[in-house]
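K.L.:
Sequence plus predicted model, see below.
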Amino acid sequence: MIEKDSCRGTVLDVGGGTGLMRPLFAPEWEYCCLDSDPQKLAGFQSKFPKDNFLQASACEIPKPDKSYDLCIMFGVTHHLTDHDMIKAFQEIRRVLKDRGTFILMDSVWNPRNLAGRFIYFVDRGSYPKTKEKIKIELSENFHIARTKEWRIHHQYLLCRCIKSASGA
């Protein structure tokens with residue numbers, strides 16, 4: 001879903017923490033890590049001093065409209081209330097350029113998965129969501145071009161979404 005050698009562009013890593021996803025992008029990409037946790041951003045800065053960062057909420061991204069070619073959000077939705085997830089998706093849509101791509105990956109709630117229930121019990125994320133809930137909210141703001149699901153302890157969802165020039 002991300003081609004490391006594909007081209008240049010601008011990417012916003014929403015909830016990027018210490019920059020775990022940064023190595024997925026060629027150095028030519030203009031990469032910005034957004035996170036609300038200053039300690040995580042300090043870790044990001046020490047590892048990637050040439051890249052940009054923003055200490056901010058995903059619900060209020062302090063960037064102009066249509067600033068990024070690509071936004072990614074990995075492992076964040078289960079840390080957001082339903083309201084905040086919706087607001088974050090709206091903000092991501094706002095800062096994405098027309099026909100820009102949004103890639104989301106997160107674990108999803110499946111009450112029949114006992115290992116996943118235990119992991120959520122000890123995780124700091126207090127708001128697990130079903131894959132259906134995430135897909136519904138994504139489809140309000142984007143065209144969902146591709147999804148992939150798998151299970152390793154948790155059940156996971158990966159979505160590639162496109163912002164249309166005229167609407168969702």
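P.N.:
Good, I have the coordinates. These numbers were taken from a predicted model, which means no experiment stands behind them.

K.L.:
pLDDT (mean, whole number) over the top strand by length along the chain?
P.N.:
Looking across the chain with DSSP state E, the single longest strand is strand 96-108. Averaging pLDDT along strand 96-108 yields 94.

K.L.:
Show me what it is packed against.
P.N.:
Packing contacts for strand 96-108, counted by 3 or more Cβ pairs under 8 Å, 6 or more residues apart in numbering; DSSP states H and E, involve strand 68-74, helix 114-122, helix 131-139, strand 154-162. Just so you know, the C-beta spots here come from the backbone N, C-alpha and C atoms, and that holds for glycine as well.

K.L.:
Please work out which of these is packed deepest.
P.N.:
strand 68-74 (a mean of 22; mean count of other Cβ atoms under 10 Å).

K.L.:
Please name the strands paired to it in the sheet, noting orientation.
P.N.:
strand 10-14 (parallel), strand 96-108 (parallel) (DSSP bridges).

K.L.:
quick one: the last one to helix 131-139, angle?
P.N.:
With axes from the mean of the first three to the mean of the last three Cα atoms, to 10 degrees as the basis, strand 96-108 and helix 131-139 are set at 170 degrees to each other.

K.L.:
I'd assumed I162 was in contact with D98.
P.N.:
No - judged on Cβ atoms under 8 Å, D98 makes no contact with I162 at a distance of 9.7 Å.

K.L.:
nearest spatial neighbour of A165, skipping sequence neighbours?
P.N.:
With Cβ to Cβ, 6 or more residues apart in numbering as the criterion, A165 has its nearest non-adjacent residue at 4.0 Å, and that residue is D98.

K.L.:
T18 too?
P.N.:
G43 (3.8 Å).

K.L.:
After the host helix or strand of that neighbour, which helix or strand is next?
P.N.:
Using DSSP states H and E, G43 maps to helix 38-47. Sequence-wise, the next helix or strand downstream of helix 38-47 (DSSP H and E) is strand 52-55.

K.L.:
I'd like the average pLDDT over that next one.
P.N.:
Mean predicted confidence for strand 52-55 is 98.

K.L.:
could you dump it to PDB, C-alpha only?
P.N.:
What follows is strand 52-55, C-alpha atoms only, in PDB (Å, rounded to 0.1, in the frame of the first residue of the first chain):
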ATOM      1  CA  ASN A  52       9.100  17.900  10.800                       C
ATOM      2  CA  PHE A  53       6.800  17.300  13.700                       C
ATOM      3  CA  LEU A  54       3.700  18.900  15.300                       C
ATOM      4  CA  GLN A  55       2.600  18.600  18.800                       C
END
